[in-house]
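Novice: structure, please.
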Amino acid sequence: MTGVRRIDEIIQENADRLAVALENHMRTSFMPDARKELKAFSAGEAAELLGIDPARLRKLHFDDRIPAVEADARGRRMYTAADLIGIRRSLEEQSRKRGTFLPGRREGDRVQVIAVANYKGGSSKTTTSIHLAQRLALRGYRVLAIDIDPQGSLTTMFGYTPETEFQGGGNIYDAIRYEDPVPMREVIRKTYFPNLDLAAAGLVLAEFEHETPRALQERREPMFFKRLGLAIDQVEADYDIVVIDCPPQLGFLTMSALIAATTVLITVIPSMLDIASMNQFLQMTAGLLNVVASYGASLEYDNLKFLITRFEPSDGPQAQMAGFLRALFAEQVMTNTFLKSTAVSDAGLTQQT
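Specialist: This next block holds a predicted model:
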């Protein structure tokens, strides 16, 4: 036969075309410099983030007790994230109770590391991770987001294109690889979100899954499950909270995140198939954690929580399955749910949150 093309050539051609299309989409969405920018917040939004009511915010401005924020012709103030940080610092200095407006770590507190995980793809792990990290940053915490999914979805949501921007390195793999790892600080980059830094991912992260079996055979130290935690230890003084977005599989990367974590957040869609899949994830995770514990891994967690995602309260079967989970796991199931919303889907079209 003639004229028959090899499948790898077709796949590569499609990948190249898609990469160009995604790059063009990024440039169009974030003109003029193809980088994301954080919006400004209204007075009502700013007050909610600061934990005060709008009337008090207005009075604080009137009394000149907080930094001035420029108002428009109609007298409306729009607050940048930098404005909010300045106001927080000012209010913290005036507050009688320490930590009211700057709720970060105190002496003796350890950094909180939250691993967002599930075996099943599509359970909103990345969506949960980025919204959690951004919300905590807006609340005044110093946050580091770590993407350990080779697909790099979390990295993409920060406005990067992993398949092109990190081909030469500069992602989390460089800090946890077995050959000549670099200091963690060298892979952390600032984002368009004040108080929120990123350790990005890229396809090269998949090499960690391939290299670890040989490293285990050769008894390389530190072992795979310690490497991410040791990397975080290098920068832990700089952050209050670390949020790790795990890949949708129970491989060496996910296990390293679970060992590094102080809290595990499991996302679950309230449907029978998803809950059955989560059961498999829990069974396998327990068994594998038991194995790595025998090699010296610490398994002491502050919290294990379940977050119901893509929830539709008006959907009878979903409401029933959500009740089923709450009956089984009680306070381990978070009170608030992540609602299914077209707003989230629409934002995803332009890589917004």
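
Novice: could you give me the buried positions within the helix or strand hosting Leu228?
Specialist: Take DSSP states H and E as the rule and Leu228 turns out to sit in helix 224-233. Residues of helix 224-233 classed as buried under the neighbour-count rule (16 or more other C-beta atoms under 10 Å) are Phe224, Phe225, Lys226, Arg227, Leu228, Gly229, Ala231, Ile232. Heads up, the C-betas are built off the backbone N, CA and C, glycines and all.

Novice: next: stretch 318-337.
Specialist: When burial is assessed from 16+ other C-beta under 10 Å, stretch 318-337 yields the following buried residues: Gln318, Met321, Ala322, Leu325, Arg326, Val333, Thr337.

Novice: and for stretch 206-225?
Specialist: The neighbour-count check on stretch 206-225 (16+ other C-beta under 10 Å) flags Ala206, Phe208, Glu209, Glu211, Thr212, Ala215, Met223, Phe224, Phe225 as buried.

Novice: what about that stretch, distance to the chain center?
Specialist: Centroid separation for stretch 206-225 versus its chain: 25 Å, with C-alpha atoms, centre = their mean, to the nearest Å.

Novice: also stretch 243-253?
Specialist: Taking mean C-alpha positions (C-alpha atoms, centre = their mean), stretch 243-253 and its chain are 12 Å apart.

Novice: what does stretch 71-78 give?
Specialist: Relative to its parent chain, stretch 71-78 has a centroid offset of 34 Å by C-alpha atoms, centre = their mean.

Novice: got the CA positions of that stretch in PDB?
Specialist: Once side chains and other backbone atoms are set aside, the C-alpha atoms of stretch 71-78 remain, and they are given as PDB (Å, rounded to 0.1, in the frame of the first residue of the first chain):
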ATOM      1  CA  ALA A  71     -11.300  56.700  43.500                       C
ATOM      2  CA  ASP A  72     -12.800  57.300  40.000                       C
ATOM      3  CA  ALA A  73     -14.900  60.300  38.900                       C
ATOM      4  CA  ARG A  74     -17.900  58.800  40.600                       C
ATOM      5  CA  GLY A  75     -16.100  58.300  43.900                       C
ATOM      6  CA  ARG A  76     -15.900  54.500  43.600                       C
ATOM      7  CA  ARG A  77     -12.700  52.900  44.800                       C
ATOM      8  CA  MET A  78     -11.300  49.800  43.100                       C
END
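
Novice: give me the contact list for that stretch.
Specialist: Ala40, Phe41, Ser42, Ala43, Ala46, His61, Val69, Glu70 (C-beta atoms under 8 Å, 6 or more residues apart in numbering).

Novice: which among the residues you listed count as buried?
Specialist: With burial judged by 16+ other C-beta under 10 Å, the buried subset of the contacts of stretch 71-78 is Phe41, Ala43, Ala46, His61, Val69.

Novice: show me where the stretch 151-300 of the chain has strands.
Specialist: When secondary structure is read from DSSP state E, counting those that start in this stretch, the stretch 151-300 of the chain shows strands at 188-190, 196-199, 241-245, 263-268.

Novice: ignore the last one, the stretch 1-150 of the chain
Specialist: Read by DSSP E, counting those that start in this stretch, the stretch 1-150 of the chain holds these strands, from start to end of the chain: 112-117, 143-147.

Novice: which one of those strands lies nearest to Tyr301?
Specialist: Put simply, out of the strands of the stretch 1-150 of the chain the one that sits nearest Tyr301 is strand 112-117, at 9.6 Å, with distance taken as C-beta to C-beta.
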